[in-house]
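Engineer: My questions concern the predicted model and sequence given below.
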Amino acid sequence: MHIFPEILNTQIGQKVTVGGFVNNLRDHGGLIFIDLRSQTEILQCVISSEEKTELFSKVEEIKYEFVLKVTGTIRERTLESQNPDLATGSIELVIEDLEIVSTAKTLPFDIHAGDDNLANEDVRLKYRYLDFRREKLKKTLTLRHNFILQTRNWFNKEGFLEIQTPILANSSPEGSRDYLVPSRIHPGKFYALPQAPQQFKQLLMVGGFNKYFQIAPCFRDEDPRADRAVGDFYQMDLEMAWATQDDIFAMFEKYCREIVTNPELTSKKLLDQDGFLRLRYDEAMDNYGSDKPDLRYDLIWKDAKPVFENSKFQVFADLCVEKDSRVQALVIKNAVDKLSRSDLDKVQEIGRQNGLPGIAYIQYYENEAKSPIFKFFGDDSEIETKKKEIQAYFGAESGDIVLFIANSDKNIVWKAQHQMRLHLAKHLDLIDENVLKFVWIYDFPFYETDEKNGKIDFCHNPFGVWKSEEGLSALETLQKATKENSLTELRAIQYDITCNGYEISSGGVRNNNPEAILEAFKIVGYTEEEVRGKFGHMLEAYEYGAPPHAGFAPGVERIIMILTGETNIREVIPFPKNGSGIDPMTGSPSEVSPHQLKELGIKVQN
């Protein structure tokens with residue numbers, strides 16, 4: 001029996017047997033055409049009532065999505081009936097024998113519907129095996145396979161060794177809640193599904209492996225988002241001994257040029273072929289309000305304190321003397337005729353939703369500038385002077401609009417900056433969907449203050465290292481920062497890579513000093529006993545000597561999302577949970593029997 005790619009190489013006049021799903025039926029009165037669908041192709045099969053009377057009657061019983069086994073002879077289509085859009089469009093199969101292998105009920109949704117008319121997601125997930133028959137989803141999962149295959153081959157070529165790490169592991173503070181697995185033979189004790197292979201890959205470095213790689217399953221009990229799957233996901237996990245931050249940057253940029261933008265995977269073009277843009281965390285937040293900025297467009301916020309400090313616009317002037325306050329401005333080029341009053345009201349509303357009482361703006365027309373804030377600058381002479389200063393400082397020209405936002409809480413300003421910027425980019429049609437813009441974000445704070453309880457916590461990866469002051473070791477730098485109450489000013493040698501507004505990977509240079517690791521955990525509230533109880537194996541391993549090492553782990557699904565242009569991560573996962581963390585097909589998560597619970601020593605409380 002032939003598969004369709006073999007059909008493409010079959011000679012005219014050859015007899016073959018093929019199998020597939022009925023994609024379409026066309027009865028032309030005495031001549032029936034069946035479009036038979038395989039995994040990759042569609043083949044037209046034809047039968048005439050004059051040729052096979054008994055077989056023709058059998059064909060008339062066929063319905064959509066029946067599974068058929070068809071035998072016949074390949075012939076060339078007439079010139080006018082050829083279909084250049086199909087790989088098999090120049091041939092057809094003249095049916096000589098046919099077997100209905102399997103009948104099919106009417107499908108619960110249209111598998112040929114376009115994106116605008118897709119069935120409800122829960123319906124498609126309940127019948128995911130039918131959803132797979134959609135051409136788009138089939139192409140996405142084929143692309144996913146090719147991406148992973150090419151990725152594996154690339155890392156192998158670069159000298160990385162793929163090593164599988166445990167699925168049943170220990171609980172680890174990776175920033176999310178663990179999925180816990182009770183142990184039957186050790187009552188009251190639990191395994192944890194790994195949020196990442198972090199500890200194991202670092203231990204491989206201690207073991208003397210220089211380059212580790214794995215397509216690793218990871219498990220995190222997180223709330224769902226459009227770009228974050230519930231439960232499990234896959235990442236390209238890697239670690240390199242003797243590597244610096246720059247080594248990781250160079251390696252991944254090479255990978256992106258050679259694999260991620262391979263024309264076999266995507267038609268999108270890579271910007272910055274010679275090197276990706278690098279932004280410090282603080283720079284990214286102040287300029288874009290986000291640590292994963294979309295830089296396919298230019299909208300960049302600028303510090304406006306220099307033009308408002310000591311001014312008579314007291315609302316902004318008072319904020320200019322506060323260290324953590326922000327007074328930010330956004331120059332929107334050639335937009336004065338594209339943003340109506342109602343459009344500006346919408347931007348104002350975005351500000352309010354994010355905690356700002358309002359926004360200010362200046363509109364630059366051909367012969368004048370207009371703004372409600374001008375009257376606050378003083379008399380006519382002072383107003384004209386300040387207007388010229390502002391225009392010169394921001395380089396504003398006729399046709400531009402300058403937006404201003406300000407608050408004593410930088411976090412409120414950052415959130416508003418990000419949302420306004422995204423809204424304006426969509427409204428002004430500034431986003432080029434055909435390009436890939438990667439950006440490195442680095443110099444993250446090692447510690448941050450929890451907004452809810454005011455306590456110090458890890459900002460990024462707890463096993464990373466921070467930048468040391470000149471002449472001091474990492475441990476001495478940490479101890480000094482503790483004494484001076486400047487822990488939140490420590491900058492980690494940790495980094496993210498973002499693309500088109502999505503974070504696709506986090507990583508960093510690891511801390512291989514057991515004393516410094518212990519001290520770092522103590523600062524966030526762990527006792528030495530707790531640290532050794534959870535991570536004693538890590539501390540002990542480093543006591544036997546460990547080379548410096550660094551790594552990171554790009555998310556497979558996030559990259560596939562970007563390559564395919566999908567905005568919902570569930571569209572690139574074979575068997576995803578829905579937005580509530582439920583699998584409508586299998587019904588998981590589900591209750592288990594009392595016997596199973598008793599065996600594990602677990603009681604369920606409602």
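Structural biologist: Good, I have the coordinates.

Engineer: What is the burial count for residue 365?
Structural biologist: 12 (other C-beta atoms under 10 Å). (Glycine included, C-beta is placed from N, CA and C.)

Engineer: tell me the contacts of it?
Structural biologist: 336, 398-399 (C-beta atoms under 8 Å, 6 or more residues apart in numbering).

Engineer: 6 Å instead?
Structural biologist: For residue 365, the contact set (C-beta atoms under 6 Å, 6 or more residues apart in numbering) is empty.

Engineer: Could you check the pLDDT of it?
Structural biologist: Looking at residue 365, its pLDDT stands at 94.

Engineer: any idea how far it lies from residue 304?
Structural biologist: 21 Å (C-beta to C-beta, to the nearest Å).

Engineer: Could you do residue 295 as well?
Structural biologist: Counting by C-beta to C-beta - residue 295 and residue 304 are separated by 21 Å.

Engineer: And the two? Which one has more around it.
Structural biologist: Under the neighbour definition other C-beta under 10 Å, residue 295 and residue 304 were set side by side, and residue 304 has more, 25 against 21.

Engineer: didn't that one look like it was pressed against residue 329?
Structural biologist: Yes - with contact defined as C-beta atoms under 6 Å, residue 304 and residue 329 form a contacting pair (4.0 Å).

Engineer: Output the below-cut-off pLDDT ranges for the chain.
Structural biologist: Scanning the chain for pLDDT under 70 picks out 1-9, 51-52, 173-175.

Engineer: Could you list the domains of it?
Structural biologist: The chain breaks down into these domains under automatic domain parsing: 4-102, 122-274+548-606, 297-431, 445-491+513-546.

Engineer: can I get those domains in CSV with distance to residue 282?
Structural biologist: Listed next are the domains of the chain as CSV, based on distance: least, C-beta to C-beta, whole Å:
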stretch, distance to residue 282
domain 4-102, 50
domain 122-274+548-606, 17
domain 297-431, 10
domain 445-491+513-546, 9
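
Engineer: Give the helix, strand or coil label for residue 249.
Structural biologist: Secondary structure, DSSP: H, G, I helix; E, B strand; the rest coil: residue 249 is helix.

Engineer: quick one: contacts for residue 552?
Structural biologist: 505, 507.

Engineer: now it: how far from residue 247?
Structural biologist: For residue 552, the distance to residue 247 - C-beta to C-beta - is 11 Å.

Engineer: One more: residue 575?
Structural biologist: Counting by C-beta to C-beta, the gap from residue 575 to residue 247 is 36 Å.

Engineer: Kindly report the same for residue 70.
Structural biologist: 57 Å.

Engineer: So if I had to pick from those two, which one is more boxed in?
Structural biologist: More crowded of residue 70 and residue 247, by other C-beta under 10 Å: residue 70, with 22 against 13.

Engineer: Quickly list what the more buried one is bridged to.
Structural biologist: Going by DSSP bridges, residue 70 is paired in beta bridges with residue 18, residue 98.

Engineer: you'd agree it is up against residue 45?
Structural biologist: Yes - contact criterion C-beta under 6 Å: residue 70 and residue 45 qualify, at 5.5 Å.

Engineer: which residues do these two both contact?
Structural biologist: residue 95.

Engineer: Can you measure across stretch 194-202, start residue to end residue?
Structural biologist: 14 Å (C-alpha to C-alpha, to the nearest Å).

Engineer: Go through that stretch and flag the buried ones.
Structural biologist: 194-202 (16 or more other C-beta atoms under 10 Å).

Engineer: what comes into contact with it?
Structural biologist: By C-beta under 6 Å, 6+ apart, stretch 194-202 touches 165, 169, 174, 176, 212, 216, 218, 220, 237, 239, 510, 538.

Engineer: now with 8 Å?
Structural biologist: For stretch 194-202, contacts defined as C-beta under 8 Å, 6+ apart pick out 165-167, 169-170, 172, 174-176, 178, 212, 214, 216, 218-220, 235, 237-239, 461, 463, 510, 535, 537-538, 549, 551, 553.

Engineer: what do you get for stretch 105-118?
Structural biologist: Against stretch 105-118 from outside (C-beta under 8 Å, 6+ apart): 64-65, 119, 123-124, 127, 130-131, 133-136.

Engineer: Let's see if you can find the most crowded of those residues.
Structural biologist: Using other C-beta under 10 Å as the neighbour criterion, residue 124 leads the contacts of stretch 105-118 with 23 neighbours.

Engineer: Is that one in contact with residue 132, as I believe?
Structural biologist: No - the pair residue 124 / residue 132 is not scored as a contact, 9.9 Å apart, by C-beta atoms under 8 Å.

Engineer: Quick one: the helices in the stretch 501-606 of the chain, in order.
Structural biologist: Taking DSSP state H, counting those that start in this stretch to define them, one finds helices in the stretch 501-606 of the chain at 514-523, 528-543, 556-564, 594-600.

Engineer: Pick the most buried one from those helices.
Structural biologist: Highest mean neighbour count among the helices of the stretch 501-606 of the chain (mean count of other C-beta atoms under 10 Å): helix 556-564, with a mean of 22.

Engineer: Keeping just the C-alphas, turn it into PDB.
Structural biologist: Taking Å, rounded to 0.1, in the frame of the first residue of the first chain, the C-alpha atoms of helix 556-564 are listed here in PDB:
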ATOM      1  CA  VAL A 556       9.700  25.300  22.700                       C
ATOM      2  CA  GLU A 557       6.000  26.400  22.600                       C
ATOM      3  CA  ARG A 558       6.800  30.100  22.800                       C
ATOM      4  CA  ILE A 559       9.200  29.900  19.900                       C
ATOM      5  CA  ILE A 560       6.600  27.900  17.800                       C
ATOM      6  CA  MET A 561       4.000  30.500  18.700                       C
ATOM      7  CA  ILE A 562       6.200  33.300  17.300                       C
ATOM      8  CA  LEU A 563       7.200  31.400  14.200                       C
ATOM      9  CA  THR A 564       3.500  30.500  13.300                       C
END
